[in-house]
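Asker: Could you look at this predicted model? Sequence included:
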Amino acid sequence: MKNKVILFITFLSVLCSAGQAQTTKVKKANKEYDKFAYIDATKTYERIAEKGYKSADLFQKLANAYYFNANLEKAAKWYGELFAMNEEVAPEYYYRYAQSLKSIGEYAKANEMLVLFNKKSSEDLRGKIFNDKQNYMDIIKANSGRYIIKDAGINSAYSDYGSAYAGNKLIFTSSRDTGSFSQRKHKWSNQYFTNMYSADITPKDAPGVTEDSLTVPEKFAKNINSRFHESTPVFTKDGLSMYFTRNNFNNGKKGKDANKITLLKIYKATLKEGKWNNAQELPFNNDGYSVAHPTLSADEKTMYFASDMPGTYGQSDIWKVAINTDGSFGTPENLGATINTEGKESFPLITNENELYFATDGHPGIGGLDIFMSRMNADGSFKAPINIGAPANSPQDDFAYLIDTKTRKGFLTSNRDGGKGYDDIYKFLETRKLVCEQVLSGVVTDLETGEILANTKVTLLDDKFNTIKEVFSDDKGFYTFDVECGKSYYIRAEKELYETKEQKVTIPTSNGKTDFPIQLEKKVKPVTVGDDLAKAFGIKIIYFDLDKWNIRPDAALELEKILDVMKQYPNMKIDVRSHTDSRQTHKYNEKLSDRRAKSTVAWLVTNGVDASRLIGKGYGETLLVNKCADGVKCSEEEHQANRRSEFIITAL
């Protein structure tokens, strides 16, 4: 079928010779036990920040903590401090800051942030679109080579297209003339009006058969075939009902639109005593627009179809409608801009794997109508469509995709070069699935104790921090998400009494499972005599440069946390234990570590801790935290891990 005929006939008139159709708030632990103290990390971070210590990581944690807990006024304060550092941050922070600013009435500044957010976000999007436009053929190439395609063996010199399974039969549409003297031709295409035909499917494991084949076609449902077009049927699982497309013609009457064009409608017929009868049009049909090419969801509760009814984005869109238990229908819904474009979207197929296949010329393709696939999300929405690649798609029109998801065998229609007629049906075997499938899962535990954390809220976000799905960990702390290979996501875990944690994870590019355990840190931290306060509090342990004992600026930030805790608990005493790496002699390192201990103690005393509450000693290289002893080759990072001070609680 030539494109000009497609454009004119599909949805503007009659059915077709093919190629035509389209916070958590934290409970404070007020109890204090004889040997324990409870430390609120967020409050300590805030007090440190109030002293003037600046760190992008510190401000992000503070701002996010308040943002996640809906304390937007304080979130605005700390996001403001974050942006004042003029460091590069993710676009999402512009959005969060804008939302927080609105809460305090600063709408002008919020709008400025939204402009910047949209600019940065749209740059990402434009960049992606540009890459898609420049490299979409590379994407198609990567998806190609997955099909073995052959002539189905039932084609004629006329248009043959649009197939459906009915038991062991293939039902398809054809404009061939099978001998009826009264068979009429359509004046625009000079093709006979289409009827439905049937061919038995003979599997290759049948005696004497080397590959799947189809028998000689016969006319199907003669009581349904009319003087006009019938096509694209779909059958219920019990085989007793059939939905199909026909011109606006029933009971001998032909309906027309305002331009006196006979458009398309979907009808339902029932099987009684071996014959298809009682064709009734569906209630959402209308003389003023076309409705065509029905397909049913696996549970038969939803019908998908193509139409140019009001609300359509372009020439034709994919729509869906609920089928109620009493057989009535809901209100049709457009699948939206993810699927539909200003072009043509038509010939939908929804599989039992919740994958929508459809033909479109509105998404970048090889040429003409191309077949795309979109996976359904849990909420019924759809992911971005993916071109299924060559040879399923060609430079010509390719449409009417049908697949058996168990055997991965199926049929499609194309008017590609080398066919027998205007449109031809091709059989195929899919040798590799289009979408790489991955499962992202893990167990949520307590960072310190390893305790399983059941009923933890775990949120999956995309690389722009848009929420994809939320789940709660089960009684074993386990969570799971279905994700796409090669993509980056963020995982956010939230639980009462714990710090909210947000981590990035990149999924491998091959099928499989990605294990991603989550360890949450308590907001209120119990400590007792003998504990390392730094470790209990998550304070970084690396403080000293090689052969140095002075307190670095980043070390001062960590020491402020120790200082804050000691001021909260005036009876707390600390043993400062300092260490070196293995380089230099044991004697030299003992003296160096002792200087580090004294330097650390002096800093705390200078900043207000009574000297009687502190003791300090250097241990040289005697207590390394890794393998990096004398003579062992280690990286600078590994050596630096040993240059540290510890803070052991000796009294509370």
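Answerer: That came through fine.

Asker: my read: A629 touches S582, true?
Answerer: Yes. Applying Cβ atoms under 8 Å as the test, A629 and S582 come out as touching, 5.2 Å apart. No exception for glycine: its C-beta is placed from N, CA and C like everyone else's.

Asker: So between the two, which is more surrounded?
Answerer: Taking neighbours as other Cβ atoms under 10 Å, A629 and S582 compare with S582 leading, 20 against 12.

Asker: Sheet-wise, list the partners of the helix or strand hosting L402 with their directions.
Answerer: Element membership for L402 (DSSP states H and E) is strand 398-404. Applying DSSP bridges, strand 398-404 is found paired with strand 409-414 (antiparallel).

Asker: Mind checking what helix or strand follows the strand it pairs with in sequence?
Answerer: Remark: after strand 409-414, the chain's next helix or strand is strand 424-430, criterion DSSP H and E.

Asker: Show me what the mean pLDDT comes to for the helix or strand encompassing E112.
Answerer: Following DSSP H and E, one finds E112 within helix 107-143. For helix 107-143, mean pLDDT is 64.

Asker: Kindly report the same for stretch 63-74.
Answerer: Averaged across stretch 63-74, pLDDT comes to 75.

Asker: Give me the domain ranges for the protein.
Answerer: Domain assignment for the chain by automatic domain parsing gives 3-19+145-430, 437-520, 526-651.

Asker: just the ones you listed: most buried one?
Answerer: A comparison of the domains of the chain by mean neighbour count, using mean count of other Cβ atoms under 10 Å, puts domain 3-19+145-430 on top with a mean of 19.

Asker: Under the pLDDT cut-off, which ranges of the stretch 201-350 of the chain? List them.
Answerer: Within the stretch 201-350 of the chain, the ranges that satisfy pLDDT under 70 run 205-210, 227, 248-262.

Asker: Could I get the domains of the chain in JSON lines, plus columns for distance to R47?
Answerer: Shown next, in JSON lines, are those (distance: least, Cβ to Cβ, whole Å):
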{"stretch": "domain 3-19+145-430", "distance to R47": "43"}
{"stretch": "domain 437-520", "distance to R47": "16"}
{"stretch": "domain 526-651", "distance to R47": "5"}
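
Asker: Those: which one's closest to Y79?
Answerer: Closest approach to Y79 among the domains of the chain is made by domain 437-520 (14.0 Å; Cβ to Cβ).

Asker: Run the chain-centre distance for that closest one.
Answerer: How far domain 437-520 lies from its chain's middle: 14 Å, per Cα atoms, centre = their mean, to the nearest Å.

Asker: Now do the end-to-end distance for that domain.
Answerer: For domain 437-520, the first-to-last residue distance is 28 Å (Cα to Cα, to the nearest Å).

Asker: likewise stretch 48-61?
Answerer: Length of stretch 48-61, first residue to last, Cα to Cα: 13 Å.

Asker: Same question for stretch 288-308.
Answerer: Length of stretch 288-308, first residue to last, Cα to Cα: 9 Å.

Asker: To A98, which of the domains of the chain lies closest?
Answerer: Ranking the domains of the chain by proximity to A98 (Cβ to Cβ) places domain 437-520 first, at 13.4 Å.

Asker: Quick one: mean pLDDT over the closest one.
Answerer: Domain 437-520 carries an average pLDDT of 93.

Asker: returning to what we had before: what's the following helix or strand past the helix holding E112 packed up against?
Answerer: Heading C-terminal from helix 107-143, the first helix or strand you meet, by DSSP H and E, is strand 147-151. Strand 147-151 sits against strand 424-430, with contacts defined as 3 or more Cβ pairs under 8 Å, 6 or more residues apart in numbering; DSSP states H and E.

Asker: Nice, that's everything, thank you.
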